[in-house]
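Peer 1: Structure for the following, please:
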Amino acid sequence: MKRAVIFFVLTLVCALTAPAENIKGVVRNDTTGKPSAGDKVSLKSPASGSMEDVASTKTNAKGEFSFDAKPSQMPYIIWVQHQNVTYTHIAMPGQGPVAVRVFDATPKLDVSIMEHLIVLHTDPAVAGTLKIDELYTMNNPSTPPRTLFSPHTLELYLPENAKIEETSVQVPGNQPLKVALVPTSEKDKYSFGFPIRPGQTQFRVGYSLPYTGKLKVNTRLAAPVQNMLVILPPSITFVPNDGTVYQATSDPQLKGLSLYIAKNITPQQQIGFEVSGSGDMPREQDSAPAEAAGGQGRPENAPGGGLGLPNEKPAPLQSGQWIFLGVLILFLAAGAVFIYTTTQQSALEGTANLPKDKPGILLEAMKEEVFQLESDRLQGKISMEEYQTAKSALDKTLQRAVQRQAAPASH
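Peer 2: Here you go, the predicted model:
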């Protein structure tokens with residue numbers, strides 16, 4: 001007992017007298033290709049459970065910044081504000097210089113909706129409701145790269161009587177963030193105001209509708225969509241208002257589900273439909289997210305794979321949301337699902353070593369490659385044989401990367 005007390009005291013003394021470690025980096029404006037001078041940079045610590053401000057500064061003429069930070073097993077989060085848009089980066093004390101990319105902001109920019117995915121099902125635990133999740137994948141191909149920043153970066157319509165339950169956004173390499181979906185002056189029309197950075201940005205809306213076993217879902221588009229997908233259990237009958245819009249198809253990775261696809265849809269086209277019957281997502285899909293992300297039997301409290309700012313209070317995943325995300329993961333970047341199944345502590349611990357860990361870097365690269373592969377397949381750019389060959393190789397590589405990343409935490 002006496003030895004334990006002495007050890008505790010020595011540990012406490014060492015912690016209190018440990019010298020501050022330097023966190024430094026540079027902010028680069030990828031629109032101009034030059035260092036970004038005069039940007040506000042804040043250092044935040046999530047160790048206390050909230051985003052506590054540790055220090056703040058501004059970048060110098062070379063875009064450089066520096067902080068003296070206390071040694072910590074938890075990562076710090078760097079916030080850079082450039083033209084009223086915030087960019088984040090995770091950093092560990094002593095890891096070496098970090099590079100943060102920012103872009104000039106503009107209120108008008110030509111962005112497009114690459115994919116609009118709709119998943120419908122009923123939940124036996126919630127009688128009288130139809131559960132619907134929609135995911136919009138936005139593409140910002142601007143040259144030079146710029147960020148779209150306005151009060152209405154994405155406008156959309158929801159069916160009448162929709163009860164919004166969850167809204168979030170995710171950018172490449174970051175974890176999903178809860179964001180507001182704001183109603184506009186037009187009935188059933190809403191908008192996101194989250195900045196759309198260069199590349200892909202994904203917006204999600206989860207809602208429910210009153211349901212008695214049959215319902216006309218009169219949804220519509222606010223902007224053209226390149227690829228639209230509707231996924232539902234086969235026990236639910238799907239009848240489009242316009243039979244020429246949707247094409248029934250199948251996908252080898254979506255066993256036990258019905259899939260309808262529409263391409264190059266305009267706001268003038270009728271995309272509404274009628275559904276009847278009931279059905280939850282197949283139980284065998286439960287393992288799909290973990291396997292698709294490269295893990296087998298991965299527990300629900302496994303750490304996240306993103307490198308961005310975590311949700312304030314990530315909640316345990318409900319069964320319906322888990323299935324929905326299992327479907328999304330087949331079309332989008334693997335690994336995004338994990339933020340929904342973590343606590344704030346485990347999510348941050350899981351990302352702590354990623355910036356300087358080679359398996360973590362490989363994992364991020366693989367996630368981007370999975371996203372691109374699925375996008376190419378849906379757009380018909382590659383054959384099914386080419387897709388299967390590439391997907392098999394990626395799955396094995398991704399699995400090894402996840403296992404290597406998780407190995408240190410298991411010791």
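
Peer 1: after the longest strand anywhere in the chain comes which helix or strand?
Peer 2: Longest strand in the chain by number of residues, with DSSP state E as the criterion: strand 126-140. Downstream of strand 126-140, the next assigned helix or strand under DSSP states H and E is strand 147-148.

Peer 1: that older thread, describe which strands the longest strand of the chain pairs with in its sheet and in which direction.
Peer 2: Strand 126-140 pairs in its sheet with strand 112-123 (antiparallel), strand 199-210 (antiparallel), by DSSP bridges.

Peer 1: quick one, which of those is nearest to Lys263?
Peer 2: Among the strands paired with strand 126-140, the nearest to Lys263 by Cβ to Cβ is strand 112-123 (10.5 Å). C-betas here are computed from N, CA, C, even on glycine.

Peer 1: Buried residues in the closest one, which are they?
Peer 2: Buried residues in strand 112-123, counted by 16 or more other Cβ atoms under 10 Å: Ile113, Met114, Glu115, His116, Leu117, Ile118, Val119, Leu120, His121, Thr122, Asp123.

Peer 1: Then stretch 72-85?
Peer 2: Neighbour counts over stretch 72-85 (16+ other Cβ under 10 Å) mark Met74, Pro75, Tyr76, Ile77, Ile78, Trp79, Val80, His82, Gln83, Val85 as buried.

Peer 1: Next: stretch 201-215.
Peer 2: Thr201, Gln202, Phe203, Arg204, Val205, Gly206, Tyr207, Ser208, Leu209, Tyr211, Leu215.

Peer 1: ok, how many other residues are close to Ala248?
Peer 2: By other Cβ atoms under 10 Å, 11 other residues sit near Ala248.

Peer 1: you'd agree Pro172 is up against Gly199?
Peer 2: Yes - the pair formed by Pro172 and Gly199 meets the contact definition of Cβ atoms under 8 Å, at 5.5 Å.

Peer 1: who's more crowded, the two?
Peer 2: Per other Cβ under 10 Å, whichever of Pro172 and Gly199 has more neighbours is Pro172, with 19 against 15.

Peer 1: The more buried one and Ala222: what is the separation?
Peer 2: Between Pro172 and Ala222 the distance, using Cβ to Cβ, to the nearest Å, works out to 24 Å.

Peer 1: which intervals of this protein have sub-threshold pLDDT?
Peer 2: 1-20, 47-51, 173, 175, 283-382, 384, 386-411 (pLDDT under 70).

Peer 1: can you list the domains in it?
Peer 2: 2-102, 112-280, 286-410 (automatic domain parsing).

Peer 1: ends of the second one, how far apart?
Peer 2: To tie it back to what came earlier, the one meant is domain 112-280. End-to-end distance of domain 112-280 (Cα to Cα, to the nearest Å): 32 Å.

Peer 1: what does stretch 95-106 give?
Peer 2: Its first and final residues considered, stretch 95-106 spans 34 Å by Cα to Cα.

Peer 1: re earlier: between the strands paired with strand 126-140, which one is nearest to Thr59?
Peer 2: For those, proximity to Thr59 was assessed by Cβ to Cβ; strand 199-210 is nearest, at 23.0 Å.

Peer 1: Quick one: the buried residues of stretch 201-215 as CSV, columns for distance to Lys178 too.
Peer 2: Below are the buried residues of stretch 201-215 laid out as CSV (distance: Cβ to Cβ, whole Å):
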residue, distance to Lys178
Thr201, 15
Gln202, 14
Phe203, 12
Arg204, 10
Val205, 12
Gly206, 11
Tyr207, 15
Ser208, 18
Leu209, 22
Tyr211, 26
Leu215, 28
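
Peer 1: coming back round to it: now the strands paired with strand 126-140 in TSV, with distance to Asn161?
Peer 2: Shown next, in TSV, are the strands paired with strand 126-140 (distance: least, Cβ to Cβ, whole Å):
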stretch	distance to Asn161
strand 112-123	15
strand 199-210	6
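
Peer 1: I'd like to know which of those strands lies nearest to Leu177.
Peer 2: Each of the strands paired with strand 126-140 has some distance to Leu177 by Cβ to Cβ; the shortest is strand 199-210, at 10.4 Å.

Peer 1: The closest one: what's the following helix or strand?
Peer 2: Strand 199-210 is succeeded, C-terminally, by strand 214-217 (DSSP H and E).

Peer 1: and Ala105, what is it in contact with?
Peer 2: His82, Gln83, Asn84, Val85, Arg146, Thr147, Leu148, Phe149, Pro195 (Cβ atoms under 8 Å, 6 or more residues apart in numbering).

Peer 1: again, 7 Å this time
Peer 2: Gln83, Asn84, Val85, Arg146, Thr147, Phe149, Pro195 (Cβ atoms under 7 Å, 6 or more residues apart in numbering).

Peer 1: What are the boundaries of the strands in the stretch 1-150 of the chain?
Peer 2: 21-29, 34-35, 40-45, 52-58, 64-69, 76-82, 85-91, 98-102, 105-106, 112-123, 126-140, 147-148 (DSSP state E, counting those that start in this stretch).

Peer 1: for the second one, packing partners?
Peer 2: Using 3 or more Cβ pairs under 7 Å, 6 or more residues apart in numbering; DSSP states H and E as the contact criterion, the elements in contact with strand 34-35 are strand 21-29.

Peer 1: Could I get the buried residue list for the strand it packs on?
Peer 2: So for strand 21-29, counting by 16+ other Cβ under 10 Å, buried means Ile23, Gly25, Val26, Val27, Arg28, Asn29.

Peer 1: What is the most widely separated pair among the residues you listed?
Peer 2: Pairwise distances across those peak at 20.6 Å for Ile23 and Asn29 (criterion: Cβ to Cβ).

Peer 1: Tally up the residues packed near Val126, please.
Peer 2: Burial measure for Val126: 13 neighbouring residues, criterion other Cβ under 10 Å.

Peer 1: what separates it from Thr184, distance-wise?
Peer 2: From Val126 to Thr184 the distance is 28 Å (Cβ to Cβ).

Peer 1: And for Val41?
Peer 2: Separation of Val41 from Thr184 (Cβ to Cβ) stands at 34 Å.

Peer 1: Those two: which has the busier surroundings?
Peer 2: Val41 (25 against 15).

Peer 1: which ones are touching that one?
Peer 2: By Cβ under 7 Å, 6+ apart, the contact set of Val41 is Ser56, Thr57, Lys58, Thr59, Phe65, Ile78, Val80.
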